[in-house]
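Peer 1: Mind folding the following:
(2 chains)
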Amino acid sequence: MHFNSIQFLFFFIIVTTLYFNIPNQRRWILLLISSCYFYMAFVPIYILILGFTIVIDYFAGILIENAQGSRRKQLLIISLIANIGVLAVFKYYNFLNDNLSYLLHGFGSANPIPYLNILLPIGLSFHTFQAMSYTIEVYRGNQKAERHFGIYALYVLFYPQLVVGPIERPQNLLPQFRANHKFEYTRVVEGLKLMFWGFFKKLVIADRLAIYVNSVYNNSAQHTGITLSLATIFFTFQIYCDFSGYSDIAIGAANVMGFDLMTNFKRPYLSKTIAEFWQRWHISLSTWFRDYVYISLGGSRVSIPRWYFNVMLIFLISGLWHGANWTYIIWGGLNGFYLVFAMATEKWRHRLNQLLLMHHLPKIHSFIQICLTFLLICFSLVFFRSDSLHTAMTILKKMTSFKGGLFIGDKDFMVYSIMAILILIFVEVKGEYFSDKIALLHNKNIVVRFIVYTILMLYMGLFGAFFGGQFFYFQF
Amino acid sequence: MFNKDVLKLIAKMLVLVMIMGICDVFLGVVFKHLLKYQVNGRFYDISYNLDKTEADLILIGSSRVQNDYDIDVFSKELHLSTWKIGLGGQGLIYFRAVEKTVIQRHTPKLIVLNIDPNALEGDIEYDKLSLLRPYASDHLFIEEALCSKDKFEKYKLYSNIYCFNSMFYYLLDHSIYNKKEETKDNITRKAFKGTDSTLVIPKESEVNTKTTKATLNPKKVEMLLEMIDDVTQKNIPFVLAFAPNYYASNPPTATMNYVKKIKERDNLYIVDFSSDTSMVEKAPYFYNMTHMNQEGARVYSKRMSDWLKLHTKLSPIK
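Peer 2: The predicted structure is shown next:
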């Protein structure tokens, strides 16, 4: 079920109303059934895949906790293989097979391994990672194994964050299923406001920008460098509003019922460096890789070359996590390269800034840093958005020449798109630098608050793109 | 069940819903007024198509009709008043809704439907129908087409804000800012949207030569057959035409194969110019790979008119 559907509106109202009207000890049943229903609204049969990993990880958690010595590690590895195995079959099998075919073709032989005609279960990468974090935390002794099968199943299936995260940790989420959440007016209103802002970002900004981006990227060969550059900038805003919009709806929906999910985005396009960007973008995934892979590899407490290798490896895996395509791997590698380059040239850049007297102009310096970081992210997203490496390289080649005019498309859509970006920039800058000076949705005066609600709702109704486009990250 | 906080939340929600309801009614009045007083532009054209056109020959189709069909040539060659009700990017669902609306109030002497080579394949273009939402309340067939999208659509159409979603710019542009009124002459001129630029043949690497094996969408096939029934049963000659592309479709698409096999019947004519050697691969006739320029449109419209004179039972043809 898509968040941006009428069905979800009814689903949310019914589930939330029932939730606050049944005894606390029975609420997990309601949430589990409704979460299954939510997931089965996409492709019902795929609930069995989730069921398989839930059973494996549930028993793995208990067995790991009861085991001693090397057996604990063996059990963890079995559980990880089961999870990664499912991911490998559904997400990477055909990708690996394609590459094998390409390789064998180079040697003049045909690939005997058949191609699997299967659909990728929605959100598989997200709930697999969440399930893996549970067994790893039990293995590390940070989390007690959950004995209640229903509660554990709910940890993996909890509908607000089941499909596109945030990827939760068991220490944060599991205890909340047992807590008695009462109807708290302030919390419910805050949750609803967050959901509303998520819908606004999705419908008014992301889906609106997607119209131009899709029309250009789907016919990239016919567009000029300047058009492709504009479409890339639009895509940079689209992907942020699409993904963070979903996160806001998820966090808000959970918040209404009394749950606290982790923050997933903190105004990433106002980052001054790539390192800062990755601390503000898809935080639940970045911290997952940091906690479970990067630190296991030794993190930064190793030799410098090994440290750089660790960073590059994390970003390459992160790219592969996003999608089974070389474009995602290159995108990840490019971000890893940005970081390694920044680490390797830190002293040199510091001296250059002093030479340019940037320490006397901190605001201008910050502005330049934000713009440069944004442009680097835009550049990397060409790979993220392109269907193939060949297309990405053609687009980049075209972007270096400014021959030809700018494709506008529908004039009105372009006007709405620019308005949408300006609204986003206003809200992000306000939140970052003037959060305590201008209060709109949180204004103490109820009349002002209602005027703001009305304007935003009217704006959404008049300028939102109600085409029912699915969330970009569903494909991961 | 309802404690004080719940009631407070419900009360505030209701106030918000009421405010939105009032705004919806108010904006509906404003937008309908703007729609009524469009003096040119997209919505003027749609309103004219639905409610006013009384042409003898009606040309229906997407951007190919806008570009490839020169109505002056048809009028001159066939001695029939000609009008086209094409709109770029639209598909069969749009054409059927508009055709039904038009023939309900007016009986043309001939209707030509230009079919895109993949018109019966892929998903139905429901989203592109949104331009017709403002007309749903007054036009039954438009409402029917819109409501076929999903079961909630008819409820959404109660909202004026929804009906006029994303239309603010054009409504204002052609009623307040751009007040130049259409005369009968420039309606005719404007309806021909051909361009005088010429195709620059792209490099081989930039041409998408991949032919995907698309299958027919049964719902689209059903729509086409219904359209044929609607028109032919009213005794109006109905022509299904394929306009030329720069490259001929080789092999023919599933749509082309299907249309050519449609059972013969009175008043139905099928013509395929997509491989016409006098036009395909002639760069001076095209401005891009799928649309003709003014010169191409003139040549094609003449060829089409000659064909119509020869094959259809038009009257009066002088």
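
Peer 1: what does chain B put close to chain A?
Peer 2: With the criterion set to C-beta under 8 Å from any C-beta of the partner chain, chain B comes near chain A through B:1, B:3, B:5-6, B:8-9, B:15-16, B:19-20, B:23, B:27, B:127, B:130, B:152, B:159, B:161-162, B:164-170, B:173, B:202, B:205-208, B:288. The way it works is simple: take the backbone N, C-alpha and C, and place the C-beta from them, glycine included.

Peer 1: What subset of the residues you listed is buried?
Peer 2: When those are checked for burial by 16 or more other C-beta atoms under 10 Å in any protein chain shown, the buried set is B:9, B:19-20, B:23, B:27, B:130, B:159, B:161-162, B:164-170, B:173, B:288.

Peer 1: Which residue ranges make up each domain of chain A?
Peer 2: Using automatic domain parsing, the domain parsing of chain A gives A:6-182, A:187-463.

Peer 1: Select, out of those, the one closest to residue B:263.
Peer 2: Taking C-beta to C-beta, domain A:6-182 is the member of the domains of chain A nearest to residue B:263, at 35.2 Å.

Peer 1: so how far does the closest one reach from one end to the other?
Peer 2: The first and final residues of domain A:6-182 sit 27 Å from each other (C-alpha to C-alpha, to the nearest Å).

Peer 1: In the stretch 51-200 of chain A, which residue sits closest to chain B?
Peer 2: Scanning the stretch 51-200 of chain A for proximity to chain B using C-beta to the nearest C-beta identifies residue A:185 as nearest, at 3.9 Å.

Peer 1: Can you report phi and psi for that residue?
Peer 2: When read as degrees, to the nearest 10, the backbone of residue A:185 gives phi -50, psi -50.

Peer 1: Test my guess that it contacts residue B:11.
Peer 2: No - Residue A:185 is beyond contact range of residue B:11, at 11.6 Å (criterion: C-beta atoms under 8 Å).

Peer 1: who has more neighbours, those two?
Peer 2: Here residue A:185 and residue B:11 are compared on neighbour count by other C-beta atoms under 10 Å in any protein chain shown; more neighbours surround residue A:185, at 14 against 10.

Peer 1: Setting the sequence-adjacent residues aside, check what's closest to that one.
Peer 2: Of all residues not flanking residue A:185 in the chain, residue B:5 sits nearest, at 3.9 Å (C-beta to C-beta, 6 or more residues apart in numbering or on different chains).

Peer 1: If I look at residue B:197, what pLDDT would I see?
Peer 2: At residue B:197, the pLDDT value in this model is 63.

Peer 1: what about the chain, any weak spots by pLDDT?
Peer 2: Since no chain was named, I'll use chain A. In the predicted model, chain A carries pLDDT under 70 at residues A:467-476.

Peer 1: right idea, wrong chain: chain B
Peer 2: Under the criterion pLDDT under 70, the flagged ranges of chain B are B:1-2, B:174-213, B:313-318.

Peer 1: what's near enough to touch residue B:291?
Peer 2: If a contact means C-beta atoms under 8 Å, 6 or more residues apart in numbering or on different chains, then residue B:291 has B:63-64, B:67-68, B:195 as its contacts.

Peer 1: redo that, cut-off 7 Å
Peer 2: In this structure, residue B:291 makes contact with B:63-64, B:67-68, judged by C-beta atoms under 7 Å, 6 or more residues apart in numbering or on different chains.

Peer 1: what are the ranges of the helices in the stretch 51-200 of chain A?
Peer 2: A:70-87, A:93-106, A:124-140, A:149-157, A:159-162, A:170-173, A:185-200 (DSSP state H, counting those that start in this stretch).

Peer 1: looking at the ones you listed, which is closest to residue A:407?
Peer 2: Of all the helices of the stretch 51-200 of chain A, helix A:185-200 sits nearest to residue A:407, with 27.1 Å by C-beta to C-beta.

Peer 1: which residues touch whichever helix or strand comes after the closest one?
Peer 2: Of the helices and strands lying after helix A:185-200 in sequence (DSSP states H and E), the nearest is helix A:207-217. With contacts defined as C-beta under 7 Å, 6+ apart, helix A:207-217 is touched by A:223, A:227-228, A:231, A:234-235, A:237-238, A:385, A:407, A:409, A:413-414, A:416-417, A:420, A:465, A:467, A:469.
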